[in-house]
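Enquirer: what's the 3D shape of this:
(one chain, ligands or ions: 1)
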Amino acid sequence: MIRDVLRMGDPRLLEISQPVERFGTPELFALIRDLQDTMAALNGAGLAAPQIGVGLRVVIFGVQRNPRYPDAEEVPFTILCNPVLTPLGDELEDGWEGCLSVPGMRGVVPRYKRLRYSGFDQHGARIEREVSDFHARVVQHECDHLDGVLYPMRIRDLRQFGFTEELFPGEDIGDD
Ligand code: NI
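Expert: I've put the predicted structure just below:
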């Protein structure tokens, strides 16, 4: 089911989400289906459970060739519960981000360039990957939602934050 996405200003987006305690349940499968349906309907790169008002540590993400992210490499579709992120090195990289909870805007956000992440899929199978660049950025953005952090909070130069249509005139870039 396509769910409403909470927008910045809703206090539920600022809460710390709770760990998933039981995997393989109909409730968890239903949540993930809703996240998938909603992300697909809005053509997003990722979505976190708190964005649809569910305070659980569940994110999904994945990018196939997407006209909105012309320079982005593909990111495999991933369901990740209880993620743990470990930066590899302290190199940060600036990049443009958007968010379905901050529609119509973009900002430049520093993120770790390389990291390891681990967690579990919806069945409780362990996932562990080392990633870099855009994949690493997407994971950091989505997992921030689980700790009540929205990307504008991480922008260092607010001159690089604005409405997508003004920042990228004429480009077909959507809301997320
Ligand atoms: Ni977001």
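
Enquirer: Would you mind measuring from S17 to G46?
Expert: According to Cβ to Cβ, to the nearest Å, S17 stands 15 Å off from G46. Every C-beta, even on glycine, is put in place using the N, C-alpha and C of the backbone.

Enquirer: who's more crowded, these two?
Expert: G46 (25 against 21; other Cβ atoms under 10 Å).

Enquirer: Specify the beta-bridge partners of the more buried one.
Expert: Note on G46: beta-bridge partners by DSSP bridges are F61.

Enquirer: for it, what are its contacts?
Expert: 39, 59-62, 138, 141-142 (Cβ atoms under 8 Å, 6 or more residues apart in numbering).

Enquirer: what's the answer for N82, then?
Expert: By Cβ under 8 Å, 6+ apart, the contact list for N82 reads 19-20, 57, 119-120.

Enquirer: which of the residues in the helix or strand hosting it are buried?
Expert: Following DSSP states H and E, one finds N82 within strand 75-87. Buried residues in strand 75-87, defined by neighbour count with 16 or more other Cβ atoms under 10 Å: 75, 78-83.

Enquirer: Spatially nearest residue to F29 (excluding sequence neighbours)?
Expert: Spatial nearest neighbour of F29, excluding adjacent residues (Cβ to Cβ, 6 or more residues apart in numbering): Q122 at 6.2 Å.

Enquirer: That neighbour belongs to a strand?
Expert: No. Q122: not assigned to a strand; according to DSSP: H, G, I helix; E, B strand; the rest coil it is coil.

Enquirer: low-confidence ranges in the protein?
Expert: Low-confidence segments of the chain (pLDDT under 70): 66-72, 172-176.

Enquirer: residue closest to the middle of it?
Expert: E142 (2.7 Å; Cα atoms, centre = their mean).
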